[in-house]
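Visitor: Build me a model:
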Amino acid sequence: MNSLQETGIQRHIRGEDVQKDMRMHTKEKPYSCEVCNLFFATSSELKKHVRIHTKKIENESNKPYSCDVCGSSFTQKGNLMTHMRTHTGERPYVCKVCCSSFTNSSNLKIHIRHHTGEKPYSCEICDLSFTSSSYLNRHIQIHTGEKIHSCEKCGSSFTQKGNLLTHMRTHTGEKPYLCKVCSASFRNSSHLKIHMRYHTGEKPYSCEVCGSAFTTSTLLKRHIQTHTGEKPYYCNVCCSSFVTSPELNRHMRFHTGEKPFSCEVCGSAFTIRSHLKNHIRSHTGEKPYSCDVCSTAFARSYSLKRHIRSHKKDKRT
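Guide: Numbering: from 1, shown residues only. Modelled structure (predicted):
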């Protein structure tokens, strides 16, 4: 056959490739999943996605070992025992380089790759590489946009089952991670880890401008905005700008008139929680702010500041 000639099959394949390329530009996704209604650009992508649902069904029907604490189920007893360590806090596998500890040997193995620099799992789309297959799978979902784990209560969807399980605790109120120092409880282990820093005094995130240190990266980012002057959250009503979204939310209550914080004694309502706390002291008589000069006590910090100015004025006269 002449090299310039095409068979019908070759023309068909070339036509499919052209269609596939066009969908990359048009964002068209004609192939839909009957289970979760996600759409895909090609039939091969859809087939690959459907396998996730079939695998999920197979897994759920074959997990006889359940956790009494959180209800998670497992195919093998050993996996359940490893999982239980997330509740007990036991971490028997220790890194010889930095003394970090882990609940199982595979997590230790992945951790050691951070010391060696080994990243054996590569993304075929963008060539980024990762220390574990789970990190790679999580990354790939950035490209596909898949969120196959949905909450039956509120409809929120997640890329990972673990994130869905954590989210479900906002509905159930379950907080299985307990602080051994003060008995505070948390929905996930990362929140407990951050909380423990308040007891240990650890502040691993430092500002390069002024050296201030913080317990979380979020607090550091918020602090850095005080140096840059950045206020990315804008009020649509009066154009005021704020460093954080909670500050904007508080501000919006002045426009809407919303007062979500109510006094149980007299029913007075307030836009800000701190205002309610100050008000409650008018019922309790509590005066936690004391003057170092004359020991006069006040219910509010600004009352103390105003009082201190009277001492400074006396000194001048």
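
Visitor: Wasn't residue 125 part of a strand?
Guide: No - under DSSP: H, G, I helix; E, B strand; the rest coil, residue 125 falls outside any strand and is assigned coil.

Visitor: And the strands in the stretch 201-317 of the chain?
Guide: For the stretch 201-317 of the chain, the strands defined by DSSP state E, counting those that start in this stretch occupy 205-206, 213-214, 233-234, 241-242, 261-262, 269-270, 289-290, 297-298.

Visitor: now the helices for the chain?
Guide: 8-26, 43-60, 77-88, 105-116, 133-144, 161-172, 189-200, 217-228, 245-256, 273-284, 301-316 (DSSP state H).

Visitor: Turn the ones you listed into a markdown table, columns for distance to residue 127 and mean neighbour count.
Guide: For glycine as for every other residue, the C-beta is placed from the backbone atoms N, C-alpha and C. Converted to a markdown table, these look like this (distance: least, Cβ to Cβ, whole Å; neighbours: other Cβ atoms under 10 Å):
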| stretch | distance to residue 127 | mean neighbour count |
| --- | --- | --- |
| helix 8-26 | 18 | 10 |
| helix 43-60 | 20 | 13 |
| helix 77-88 | 33 | 15 |
| helix 105-116 | 18 | 14 |
| helix 133-144 | 11 | 14 |
| helix 161-172 | 26 | 15 |
| helix 189-200 | 29 | 14 |
| helix 217-228 | 26 | 14 |
| helix 245-256 | 35 | 14 |
| helix 273-284 | 48 | 14 |
| helix 301-316 | 55 | 11 |
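
Visitor: Turn the strands of the stretch 201-317 of the chain into JSON lines, columns for mean pLDDT, mean neighbour count and distance to residue 178.
Guide: Below are the strands of the stretch 201-317 of the chain laid out as JSON lines (pLDDT from 0 to 100; neighbours: other Cβ atoms under 10 Å; distance: least, Cβ to Cβ, whole Å):
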{"stretch": "strand 205-206", "mean pLDDT": "91", "mean neighbour count": "14", "distance to residue 178": "25"}
{"stretch": "strand 213-214", "mean pLDDT": "92", "mean neighbour count": "16", "distance to residue 178": "24"}
{"stretch": "strand 233-234", "mean pLDDT": "87", "mean neighbour count": "14", "distance to residue 178": "34"}
{"stretch": "strand 241-242", "mean pLDDT": "88", "mean neighbour count": "16", "distance to residue 178": "34"}
{"stretch": "strand 261-262", "mean pLDDT": "88", "mean neighbour count": "14", "distance to residue 178": "28"}
{"stretch": "strand 269-270", "mean pLDDT": "90", "mean neighbour count": "15", "distance to residue 178": "32"}
{"stretch": "strand 289-290", "mean pLDDT": "86", "mean neighbour count": "14", "distance to residue 178": "33"}
{"stretch": "strand 297-298", "mean pLDDT": "88", "mean neighbour count": "15", "distance to residue 178": "36"}
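
Visitor: Next, format those as JSON lines and append distance to residue 119.
Guide: Listed next are these as JSON lines, based on distance: least, Cβ to Cβ, whole Å:
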{"stretch": "strand 205-206", "distance to residue 119": "25"}
{"stretch": "strand 213-214", "distance to residue 119": "29"}
{"stretch": "strand 233-234", "distance to residue 119": "36"}
{"stretch": "strand 241-242", "distance to residue 119": "39"}
{"stretch": "strand 261-262", "distance to residue 119": "49"}
{"stretch": "strand 269-270", "distance to residue 119": "52"}
{"stretch": "strand 289-290", "distance to residue 119": "54"}
{"stretch": "strand 297-298", "distance to residue 119": "58"}
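
Visitor: which residue sits closest to residue 169, ignoring its sequence neighbours?
Guide: residue 187 (4.3 Å; Cβ to Cβ, 6 or more residues apart in numbering).

Visitor: if we can go back for a sec, mean pLDDT lowest for which of the helices of the chain?
Guide: Note on the helices of the chain: helix 8-26 shows the lowest mean pLDDT, a mean of 47.

Visitor: Residue 203 contacts residue 216, doesn't it?
Guide: No - between residue 203 and residue 216 there is no contact under Cβ atoms under 8 Å: 9.1 Å.

Visitor: To residue 126, which of the helices of the chain lies closest?
Guide: helix 133-144 (7.4 Å; Cβ to Cβ).

Visitor: and the closest one, how far from the chain's centre?
Guide: 17 Å (Cα atoms, centre = their mean, to the nearest Å).

Visitor: Restrict it to CA atoms and write it as CSV.
Guide: In CSV, the C-alpha atoms belonging to helix 133-144 read as follows (Å, rounded to 0.1, in the frame of the first residue of the first chain):
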residue,chain,number,x,y,z
SER,A,133,1.5,6.5,44.9
SER,A,134,-1.2,8.0,47.1
TYR,A,135,0.4,11.5,46.6
LEU,A,136,0.5,10.9,42.9
ASN,A,137,-3.2,9.8,42.8
ARG,A,138,-4.2,12.9,44.8
HIS,A,139,-2.2,15.1,42.4
ILE,A,140,-3.8,13.5,39.3
GLN,A,141,-7.2,14.5,40.5
ILE,A,142,-6.1,18.2,40.1
HIS,A,143,-5.9,17.5,36.3
THR,A,144,-9.1,15.4,36.1
